[in-house]
Structures are given as structure tokens and as C-alpha cells.
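A.B. asks: here you go, sequence then predicted model.
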Amino acid sequence: MRRLVLTLLLLGSGLAHAAELPETDWLELMPKSDQKALEAMPEIDHNTPEASGTFTEKGGLKQSKGLPAVMYSSKTVASMNDRHIRLGGYPVPLESDAKGRSTLFFLVPYPGACIHVPPPPPNQLILVRYPKGLKLDDIYTPLWVTGTLKIEKVDNDLASAAYALEAEKVRVVQEADL
């Protein structure tokens, strides 16, 4: 009995990290056919109109014409619908509360998406709803977002997304996470 109690105490000390969901990979949100198309895609030229703009301009996250079809893909993975996930990414703020905390934002897989490089395809953009809000210093701050993922087409002046997530927890990635 004593050994069981000691084992439980030792295991309990690591429960904070063990309770966190494993990380979902962005590629899990993309059908295999899209993954293969991305692998075969030619190098993208960064001298685009987006390079001198910002994500806040109307259509700033929209795809420019002439990119390979996979860059416009809104194909989703059905098994991801209603899945409880933890995903790392970068915010593109859309709305904030009276205290300046971001309550609605797009989550993208890499920093600076849409500023100096073409934006990700819609199946690599997630609209995050987080009523609690999070104070964001800048869009280069990596985040962990945990919540329930939904297949939901979102199309606004800024971007098109194929998924939405009702976030229960959003936190800045810490050095200890890496």
C-alpha cells in the first residue's frame, strides 16, 4: 500500500504536463491529396503585393491569383470535426474586448503569414473564438490553443478559413514548451 501511495505521488507531480493534450500537427487538417500537392509545389516568389502590405488591409489574407490550386484549398478532414485538440500557431487578431484582449482571431501555422509570404490555404487557417480574450503583444507571438475544432467555412473581407475553434484555453508558448 505504501509503495502504491508513493508511486501515485510521484506520478501526480507530472500531471500538469500529462493533462495537456498532445499537439495536433497542422498537416492533420489537410487531406493527403493536398499534402502531396504541397510537396510537389514549385518555390513561391515572395515579390507579391502582399509583401508590402499588412494583414489588416481588406483582403490581406486572401490568396492572390496564379498560385497552384492547393494554395486555395478548403478541403477538410472529416475526422477532425468536433475533435478536442491543442494546436500551436500564430495569431492574426480580428476583434478585441474593451480591455484590448483578442477574443476573435485567425490562427495560422507560421509567423508573418500574409505579410511577406502568400497566406496559407483556407484549410490551414482556423478562426478562433476565445471570449475570455488574450492580450497579444504582436502577431509573432506563438500560441497554444486548446478547444473543440469544427469544420466551418468562414469567409470575410480578410480571409477564408475552412475550420473554426471554440477555444477553452489559449496561452503563449513558453521556452520550457520547446
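C.D. replies: Looks like it arrived, so ask away. Please read these numbers as outputs of a predicted model, since none were measured by experiment.

A.B. asks: C-alpha only now, for contacts and for neighbours.
C.D. replies: Will do.

A.B. asks: where does the chain have low pLDDT?
C.D. replies: Applying pLDDT under 70 to the chain flags the ranges 1-18, 44-66, 113-117.

A.B. asks: so the residue nearest the centre of the chain, which of the three states?
C.D. replies: With distances taken as Cα atoms, centre = their mean, L107 lies nearest the centre of the chain, 3.3 Å away. At L107, secondary structure determined by DSSP: H, G, I helix; E, B strand; the rest coil is strand.

A.B. asks: show me what contacts it?
C.D. replies: Going by Cα atoms under 8 Å, 6 or more residues apart in numbering, L107 touches 89-92, 125-128.

A.B. asks: with S96 instead?
C.D. replies: Residues in contact with S96, defined by Cα under 8 Å, 6+ apart, are 102-104, 133.

A.B. asks: swap in 6 Å and give it another go.
C.D. replies: Neighbour list for S96: 102-103 [criterion: Cα atoms under 6 Å, 6 or more residues apart in numbering].

A.B. asks: and the gap between it and T76?
C.D. replies: In this view, S96 and T76 are 28 Å apart by Cα to Cα, to the nearest Å.

A.B. asks: now do E23
C.D. replies: Distance from E23 to T76, by Cα to Cα: 18 Å.

A.B. asks: same question, A162
C.D. replies: From A162 across to T76, the span is 7 Å (Cα to Cα).

A.B. asks: the protein: strands as residue ranges?
C.D. replies: 83-96, 102-108, 126-134, 143-155, 160-172 (DSSP state E).

A.B. asks: out of those strands, which is the most enclosed?
C.D. replies: Between the strands of the chain, strand 102-108 has the highest mean count of neighbours, a mean of 23, where neighbours are mean count of other Cα atoms under 10 Å.

A.B. asks: that one to strand 83-96, inter-axis angle?
C.D. replies: Between strand 102-108 and strand 83-96, the angle comes out at 120 degrees (axes from the mean of the first three to the mean of the last three Cα atoms, to 10 degrees).

A.B. asks: partner strands of strand 102-108, parallel or antiparallel?
C.D. replies: Here strand 102-108 has these sheet partners by DSSP bridges: strand 83-96 (antiparallel), strand 126-134 (antiparallel).

A.B. asks: contacts for the shortest one?
C.D. replies: Taking contacts as Cα under 6 Å, 6+ apart, the residues outside strand 126-134 that touch it are 101-107, 161, 163-167.
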